[in-house]
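# predicted coordinates and the sequence they were generated for:
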Amino acid sequence: MNRIIIDSEAIKDNYLKVKRWVNDHGATLTVVTKALCGHLETIRALADMGISSIADSRLQNLHEMTDQNLGFEKWFLRPPSQSELEEVVNLTDVSLNTELGTVKKLNLIAEEKGLVHRVLLMIELGDLREGILPGALVRLYNEVFQLANIKILGIGANLGCFSGTVPSVDQLMQLILYRELLELKFQKDLHVISAGSSVVLPFLLEGQIPSAINHFRVGETILLGTDLINGGTIEGLRDDAFILEVEVIEMKEKSLTPSGETMDEIAPFSAGEDQVPEDRTPGQRGYRAVVTVGGLDTDITGLVPVNDSYQIAGASSDVTVLNIGDNPEGLRTGDTVCFKMGYSTMVRLMNNSYTDKVMKSSI
Ligand SMILES: Cc1ncc(COP(=O)(O)O)c(C=O)c1O
C-alpha cells in the first residue's frame, strides 16, 4: 500500500522557526492543522512540540482533538454552517465569522449553555473569499457588541487564500485603520489583528509587516516549508516532512512519445508533461516506471520525485508513469519511489484512505 511518511522532527523544526519569527514581531501564532485531516499521531506530536493554539476547518478533526484532551486552544477556521453552530460553541474556543445572523445564533446557543463564545470578525480586503464588506463593518460590530454571550476578539482578514492576490502592506494598513476606527467608535479594545497566513511570512521576514499585526494563522509553511511568494522553500525551513512512497508495478524500456493522435478528453485524469521536451527525438526510447499512485489518490501535478533525474510523464486515475532515463539505479518492479509534494497534493493524500500514514520515527 502507498504510504505517506510523516517526519514530526521536520515539522517541529519548521514550527519553531516560524514561531520565533512571529514572536520576534511581537505576535502570536495559531497552527492550522486542516491538512492533517485529523491524523492523530501527528496531532499528538504537535502537542508534544508545545503547540498550544490550533485552527481547523472541520469539526470532525476538532472533535477528535477534544476527545484526546490535548490541551489546545481550538479555532474554527471556516465560517460555520447553520448545522454546525451547536458544535462550534461546544468544541471551539474561537470561530471566524462574517455573517451577523450566524453570530446571533451562536450567541443564543452560548447563552443556553451559560458560555461566552469568542469570535474573530473577518473583513474582505480584496481576495474575494469570505469577509465582511468594509461598508458594513460599523453596523455589524455595533450589533455584535450588543450580544452578551459573544466576545469579539478582534479583526481578521484572509489574504491570497482564494484568488491568489499577493498581499500588500496597504491592505494590512487598511486592516489596522479599521481596527482603530472601530475602537474609537465603540470605545472598546479589539486586541487581535489576525492577518497572517503562509503567504504573509516572506513579507514578515523582510520586515514589511506593520507591528500592529499581532496574530498569524499558519498551515502550509509549517508543514511543507513553502515560500508562497518567491517559490520553493523558505530558507532554513524543511520541505521533507511529508514524503509519499509508492511501488513500481511495471518497468520497461519504451518509446517516450505515444503513437497516434492524442486528445485530452479521452484521458480525463491525465497529468504531467504538457508537451514533449524539445530535446526529445522522434522514436527515442527510455526506461519508464509505472507506479501505484493516480488521480484517484491525489493531484499528481503537485508530486515531485525525490530523485531529481526522474520525470513524471503522465498519470491516469490509478497509476503514474515516470521517465527514468537509462535507469542507472537498476530500479525494478517491487521497488519503491519517493515523492515530495505541494500542499493540495498533500492534503488529498492525507484525506485518502488508500494511502497509509506512518510516522518516520516508527519505521
Ligand atoms: C481562514 C484561514 N486562515 C489561515 C489559513 C492558513 O493558510 P496557510 O496554510 O496558507 O498558512 C487558512 C487556510 O488553510 C484559512 O482558511
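Ah, there it is.

# number of nearby residues for the residue of the chain found nearest the ligand?
Across the chain, the shortest distance to the ligand (CB to the nearest ligand atom) belongs to G219, at 2.8 Å. To be clear about C-beta, it is placed using only N, CA and C from the backbone, and glycine gets the same treatment. The tally of other residues near G219 (other CB atoms under 10 Å) stands at 24.

# name all residues that make contact with it.
31-35, 55, 197-198, 343 (CB atoms under 8 Å, 6 or more residues apart in numbering).

# filter those down to the ones near the ligand?
Among the contacts of G219, the residues lying close to the ligand (CB under 6 Å from any ligand atom) are 32, 34, 197-198.

# among these, show me the least confident.
Summarising pLDDT for these: the lowest-scoring member is S197, with 92.

# tell me how many other residues surround it.
Neighbours of S197 under the rule other CB under 10 Å: 21.

# got phi/psi on it?
Phi and psi for S197, reported as degrees, to the nearest 10, are phi -130, psi -170.

# out of the contacts of G219, which is most surrounded?
Neighbour counts for those peak at T33, which has 28 neighbours (criterion: other CB under 10 Å).

# you'd agree that residue is up against A45?
No - with contacts defined as CB atoms under 8 Å, T33 does not count as touching A45, sitting 11.1 Å away.

# what residues does the stretch 51-200 of the chain have near the ligand?
With CB under 6 Å from any ligand atom as the criterion, the stretch 51-200 of the chain meets the ligand at residues 77, 96, 158, 161, 197-199.

# what's the lowest-pLDDT member of the residues you listed?
Comparing pLDDT over those singles out C161 as the least confident position, at 56.

# pLDDT score for the residue lying closest to Q311 once chain neighbours are set aside?
With CB to CB, 6 or more residues apart in numbering as the measure, N323 is the residue that lies nearest to Q311, at 4.6 Å, once sequence neighbours are left out. At N323, the pLDDT value in this model is 95.

# repeat for the one 5 residues further on
Per-residue pLDDT puts P328 at 91.

# read off the pLDDT value for the closest residue to V293 other than its chain neighbours.
In space, V293 comes closest to V246 once its chain neighbours are excluded; the distance is 4.6 Å by CB to CB, 6+ apart. In this prediction, V246 carries a pLDDT score of 98.

# could you do P258 as well?
64.

# next one: the one 10 residues further on
The confidence metric pLDDT takes the value 59 at P268.

# same check on V166?
pLDDT for V166: 74.

# give me the number of residues near it?
Applying the criterion other CB under 10 Å, we find 11 residues in the vicinity of V166.

# pretty sure it contacts Q208?
No - look at V166 against Q208 with CB under 8 Å: they stay out of range, at 11.9 Å.

# mind listing the strands for the stretch 1-150 of the chain?
For the stretch 1-150 of the chain, the strands defined by DSSP state E, counting those that start in this stretch occupy 2-6, 28-32, 53-56, 73-76, 94-97, 117-123, 150-157.

# please apply the same query to the stretch 201-350 of the chain.
Applying DSSP E, counting those that start in this stretch to the stretch 201-350 of the chain gives strands spanning 215-218, 242-255, 285-291, 303-305, 311-315, 320-323, 336-341.

# how close does the nearest residue to D297 once chain neighbours are set aside sit to M1?
In space, not counting the residues next to it along the chain, D297 is nearest to N352; the distance is 5.1 Å by CB to CB, 6+ apart. In this structure, N352 and M1 are 11 Å apart, going by CB to CB, to the nearest Å.

# neighbour count winner among those two?
Just comparing N352 and M1: by other CB under 10 Å the higher neighbour count belongs to N352, 17 against 9.

# which element is that one on?
Assigning secondary structure by DSSP states H and E places N352 outside every helix and strand.

# ok, the residue lying closest to V119 once chain neighbours are set aside - contacts?
Beyond its immediate neighbours in the sequence, the residue positioned closest to V119 (CB to CB, 6+ apart) is N97, lying 4.9 Å away. Remark: with contacts taken as CB under 8 Å, 6+ apart, N97 is in contact with 79-80, 103, 106, 119-122.

# include pLDDT when you put those residues into CSV, please.
Putting the contacts of N97 into CSV (pLDDT from 0 to 100) gives the following:
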residue, pLDDT
P79, 94
P80, 96
V103, 98
L106, 98
V119, 97
L120, 96
L121, 94
M122, 93
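
# per-residue pLDDT of S255, please?
Reported pLDDT at S255 in the predicted model: 75.

# burial measure for it, as a count.
Neighbours of S255 under the rule other CB under 10 Å: 12.

# for it, give its distance to D326.
Between S255 and D326 the computed distance is 15 Å (CB to CB).
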